[in-house]
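In: Provided below are the primary sequence and the corresponding predicted coordinates.
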Amino acid sequence: MANDLVVTLADLKEEEALRIVQDRLSVGDDPFSILGDARRALEIVGKRYENQEYFIPDLVYSGEILKVITEMVKPRLTKTAEVEHLGKVVIGTVVGDIHDIGKNIVTFMLEVNGFEVHDIGVDVPPQRFVEEIKQFKPEILGLSGFLTLAYDSMKETVKAVEDAGLRDKVKIMIGGGVLDETVVAYVGADGFERFAGGAVSLAKKWIGGD
């Protein structure tokens with residue numbers, strides 16, 4: 001059934017994909033497994049876009065489908081009644097990229113775990129991140145980007161933070177598509193995570209709450 005969801009989502013078959021998600025939730029399937037399959041589907045969508053098989057409207061449509069899936073799954077991600085406040089995070093999808101499913105999941109999971117998160121949306125230019133750091137004063141900056149073209153945008157954002165004299169004020173985490181330590185070094189970030197659980201663990205480590 002997992003493969004069915006990946007294929008169906010990647011093919012942008014909304015009704016069928018939502019039905020599969022509902023069926024999996026009704027039998028008690030792990031919500032993180034469902035979200036993981038959504039990410040796999042998104043990777044395929046991204047590759048098809050880069051290969052010019054899909055275009056901007058297809059990216060937007062995939063994002064809308066995935067937003068609905070996220071809302072379906074969220075109630076299964078139980079929120080603890082009392083959560084210690086750990087720190088502040090500014091997060092956004094870098095300029096040139098409109099994917100937000102991963103960012104939204106990470107934002108939700110960080111909030112569940114005690115972080116105050118300021119999500120500034122998608123297609124965010126470097127200077128906007130700089131302004132938000134100055135105003136919100138976070139300990140962590142999260143840069144999201146799914147397409148490989150986002151790497152240059154991430155690099156430019158980190159440079160803008162450095163030029164503003166704020167680099168030593170924040171730890172920078174990147175997340176999204178196919179990432180590794182090489183991309184981290186290229187961008188100039190402090191670390192990366194592809195999944196929400198890992199992002200929370202890394203944030204806690206940086207803050208000292210874990």
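Out: The structure has been received and is ready for your questions.
In: can you give me the strands for the protein?
Out: With DSSP state E as the definition, the chain shows strands at residue ranges 87-93, 115-119, 140-145, 171-176, 191-192.
In: could I have the biggest helix by length in the chain exported to CSV, CA atoms only?
Out: With DSSP state H applied, the helix covering the greatest number of residues in the chain is identified as helix 31-50. Extracted in CSV, the C-alpha atoms of helix 31-50 (Å, rounded to 0.1, in the frame of the first residue of the first chain):
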residue,chain,number,x,y,z
PRO,A,31,1.4,8.5,10.5
PHE,A,32,5.2,9.1,10.1
SER,A,33,5.2,6.2,7.6
ILE,A,34,2.5,8.0,5.6
LEU,A,35,4.4,11.3,5.7
GLY,A,36,7.6,9.4,4.7
ASP,A,37,5.8,8.1,1.6
ALA,A,38,4.6,11.6,0.9
ARG,A,39,8.2,12.8,0.9
ARG,A,40,9.2,10.0,-1.4
ALA,A,41,6.4,11.0,-3.8
LEU,A,42,7.6,14.6,-3.6
GLU,A,43,11.1,13.6,-4.5
ILE,A,44,9.7,12.0,-7.7
VAL,A,45,7.7,15.1,-8.5
GLY,A,46,10.8,17.2,-8.0
LYS,A,47,12.8,15.0,-10.4
ARG,A,48,10.1,15.2,-13.0
TYR,A,49,10.1,19.0,-12.7
GLU,A,50,13.8,19.1,-13.1
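In: buried sites along it?
Out: For helix 31-50, a neighbour-count test (16 or more other C-beta atoms under 10 Å) marks 31-32, 34-49 as buried. Every residue, glycine included, has its C-beta placed from N, CA and C.
In: What mean pLDDT does it get?
Out: Here the mean pLDDT over helix 31-50 is 83, rounded to a whole number.
In: Ok, stretch 184-191 next?
Out: Mean predicted confidence for stretch 184-191 is 96.
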